[in-house]
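Visitor: Sharing a model that was predicted from the sequence below.
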Amino acid sequence: MFLVKPDGGPKVPIYHSSVKGLRRLIEKNMLKMMLVLTAILWLLLALTNGPIYAQDKYIYRVKVSVVDFDKTQQSGMIKELILSMGYNGTNPQMPTIIDRSDDSDWSSHDKISKGLRSNQAWAAWVIEKGFGESLASALYNGTEYQPQKMGRLYLSDTHPYFALVRVQGTVEQMEVAVESYSRALVLKQLLAQAEGDAKAIARANPAALAKPFAVTVENVAFFSYPISNFVMSIAISMNLVLCFIPSNMWKGVFAPFWKNVKVWQAVGYNFLFSLLWLLYTSMTISLIVLAFHKNSEWDWSAGNFFGLWGILALGNLPDFLWVLIFQSFVTPLWAVPMYVILLFLNIPSTLYGPDLSHQFFRWYYAMPFYNTSVNIRTMFLHSDYVLYRSIVIPFAWTILFVPIATWLMIRRARLMREGKINAMNMKVPQPPSDTPAARQPSPSHDQSA
């Protein structure tokens, strides 16, 4: 392998002594980048593994409602069974179960769905009206019995993916336990009332004995949000990759602007070019999300579409500004780590969320990705979730980043004009200053007398 000698002489092998310094510089920078990336990756892996570590300690934060529409002895027995499985101060691996049977805001199926979509609970057990009468008739008269019609379990696929999977797994285990315990309780009650009468037990409908209470699972989200959530995360990640294109173009093709155009015009053009790229990528992500949302009730109006587009643009704007900031002062050695940090801090906030994590991870609420996901699922669900926080936070990041990005771009333009840095933000070696020449005495002018 050969290189051209620095002085323009003949080609020499790369291990030649004349290019030893260049070779050492390359090896030094490569080793430095490997060490930096390794340290940052281990740190970020720890941060992203933290939210899913020991999630069982925080299941108690999840609220699950139980609503008894029947209000009979049999339904009360099932309701007390469900309530007994909830968090009692010593079992943090179980959700907090709240009795909503007498709450007017949960007095119908529509209101239950609305309560779940507005994030008042993650799930809701419902004991249907007529359960006690149907069960008693099946047990003592042998009438037809359909246990799946006796109860419903409402779930809401409107939360960060991995937290949702963990909670739904716990609720499904509760469902199995309720069916098992209700079977034992009903059989015990039937034997006590039959007082050893074998004919009384034979008259009971076997379906009622085998499964006295069961639920039909329904998702109030109208669609499988985890899929859309995952697609959105991938799409936004692609957006961040694409946002490097305009900023890197400034380092190459547009570099002469910093030297030949007025500073405020160059900065303004940079902002304008990045804004147009932001709108383009946000439009692309909007189309991807709409293609996977699977919501039959979504209103395909121009207002809703441009609302989704605007929400995505607002959520992505802080990330675009962050790219402008670090591209205005970091060298290529640090550009990749800064980009990795941006991804690793945002994506876990969307997929894991802070709900089932240690208090340390409450900063997830401030991540643009997280607030964008909240806004999107709120639009799709037509929910009553309060949006002021998820809109104010990206806006606040924008207000903070705009002056910082402006100042750094002005500083970069000044340093490039002075020849102190190049287009890659790397310092340009300055020639040694000339030794000031000895001051010569000024010639004397003879004056004639």
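Guide: Yes, it's here. Numbering: from 1, shown residues only.

Visitor: Can you list the residue ranges for strands in the stretch 1-150 of the chain?
Guide: Along the stretch 1-150 of the chain, counting by DSSP state E, counting those that start in this stretch, strands occupy 2-4, 11-13, 63-68, 96-99, 123-127.

Visitor: what's the closest non-adjacent residue to Leu191?
Guide: On the basis of CB to CB, 6 or more residues apart in numbering, the spatially nearest residue to Leu191 that is not a chain neighbour turns out to be Ile201, at 7.3 Å. For every residue, glycine as well, the C-beta is placed using N, CA and C.

Visitor: what are the ranges of the helices in the stretch 151-300 of the chain?
Guide: For the stretch 151-300 of the chain, applying DSSP state H, counting those that start in this stretch gives helices covering 161-194, 198-203, 206-210, 225-242, 244-251, 255-260, 263-292.

Visitor: Distance from the chain centre to the shortest one, please.
Guide: Computed by CA atoms, centre = their mean, to the nearest Å, the separation of helix 206-210 from the middle of its chain amounts to 45 Å.

Visitor: Restrict it to CA atoms and write it as CSV.
Guide: In CSV, the C-alpha atoms belonging to helix 206-210 read as follows (Å, rounded to 0.1, in the frame of the first residue of the first chain):
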residue,chain,number,x,y,z
PRO,A,206,-71.2,-28.5,34.0
ALA,A,207,-70.3,-25.3,32.2
ALA,A,208,-71.2,-23.3,35.3
LEU,A,209,-69.2,-25.6,37.5
ALA,A,210,-66.1,-25.7,35.3
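
Visitor: Could you list the buried residues of it?
Guide: Residues 208-209 are the ones in helix 206-210 that count as buried (16 or more other CB atoms under 10 Å).

Visitor: Give me the packing partners of it, helices and strands only.
Guide: If contacts are counted by 3 or more CB pairs under 8 Å, 6 or more residues apart in numbering; DSSP states H and E, helix 206-210 sits against helix 131-141, helix 161-194.

Visitor: can you give me the angle the last one makes with strand 123-127?
Guide: To tie it back to what came earlier, the one meant is helix 161-194. Between helix 161-194 and strand 123-127, the angle comes out at 20 degrees (axes from the mean of the first three to the mean of the last three CA atoms, to 10 degrees).

Visitor: For helix 161-194, enumerate the helices and strands it packs against.
Guide: Counting contacts by 3+ CB pairs under 8 Å, 6+ apart, helix 161-194 packs against helix 73-84, strand 123-127, helix 131-141, strand 151-155, helix 198-203, helix 206-210, helix 225-242.

Visitor: Mind listing what's buried along that helix?
Guide: 161-164, 166-168, 170-171, 174-175, 178-179, 181-183, 185-187, 190, 194.

Visitor: Ile40: how many residues sit nearby?
Guide: Applying other CB atoms under 10 Å, we find 17 other residues in the vicinity of Ile40.

Visitor: meant to ask about Asp319, not that
Guide: As a burial measure, Asp319 scores 24 neighbours (other CB under 10 Å).

Visitor: do the same with the one 5 residues further on
Guide: Each residue near Leu324 was counted by other CB under 10 Å, and the total is 23.

Visitor: That one - nearest residue in space that isn't next to it in sequence?
Guide: Excluding the flanking residues, the one nearest Leu324 by CB to CB, 6+ apart is Ala405, at 4.6 Å.

Visitor: For Trp106, see how far away that neighbour is.
Guide: When distances are taken as CB to CB, to the nearest Å, Ala405 and Trp106 turn out to be 48 Å apart.

Visitor: do Gly142 as well
Guide: Noted for Gly142: a distance of 34 Å to Trp106, by CB to CB.

Visitor: Out of those two, name the residue with the larger neighbour count.
Guide: Comparing Gly142 with Trp106 by other CB under 10 Å, the one with more neighbours is Trp106, at 24 against 14.

Visitor: got the contact list for Ala39?
Guide: Applying CB atoms under 8 Å, 6 or more residues apart in numbering, we find Ala39 in contact with no residue.

Visitor: any idea how far it is from Met30?
Guide: 15 Å.

Visitor: do the same with Ser18
Guide: To Met30, Ser18 is 21 Å away according to CB to CB.

Visitor: just for this protein, where's the confidence low?
Guide: In the predicted model of the chain, residues 1-12, 14-15, 194-198, 200, 221-255, 257, 289, 292-300, 379-387, 431-449 satisfy pLDDT under 70.

Visitor: correct me, but Met283 touches Trp309?
Guide: Yes: judged on CB atoms under 8 Å, Met283 makes contact with Trp309 at a distance of 5.9 Å.

Visitor: tally of neighbours for Gln359?
Guide: Residues contacting Gln359 under the criterion other CB under 10 Å number 8.

Visitor: What values do phi and psi take at it?
Guide: Summarising the backbone geometry of Gln359 under the convention degrees, to the nearest 10, its torsions are phi -60, psi -30.

Visitor: ok, now which ones touch it?
Guide: Contacts were defined as CB under 8 Å, 6+ apart; by that measure Gln359 touches no other residue.

Visitor: before we move on, what about Trp258?
Guide: Taking CB under 8 Å, 6+ apart as the contact definition, Trp258 lies against 266, 412-413, 416-417, 423.

Visitor: ok, 10 Å please
Guide: Taking CB atoms under 10 Å, 6 or more residues apart in numbering as the contact definition, Trp258 lies against 250-251, 266-267, 270, 409, 412-417, 421, 423.

Visitor: go on, Leu333?
Guide: 29-30, 32-33, 36-37, 424-426.

Visitor: quick one: which of the residues you listed has the most company?
Guide: Counting by other CB under 10 Å, Asn425 has the largest number of neighbours within the contacts of Leu333, with 20 neighbours.

Visitor: Could you pull up phi and psi at the residue positioned nearest the centre of the chain?
Guide: Centroid check for the chain by CA atoms, centre = their mean gives Thr350 as the closest residue, at 1.1 Å. As for Thr350, its main-chain torsions (degrees, to the nearest 10) stand at phi -80, psi -40.

Visitor: what's the distance between it and Pro13?
Guide: To Pro13, Thr350 is 51 Å away according to CB to CB.

Visitor: what's the burial count for Pro51?
Guide: Look at Pro51: counted by other CB under 10 Å, it has 24 neighbours.

Visitor: Ok, which of the strands of the stretch 1-150 of the chain comes nearest Leu342?
Guide: Closest approach to Leu342 among these is made by strand 63-68 (32.9 Å; CB to CB).

Visitor: just how off-centre is the closest one within its chain?
Guide: For strand 63-68 - counting by CA atoms, centre = their mean - the centre lies 27 Å from the chain centre.
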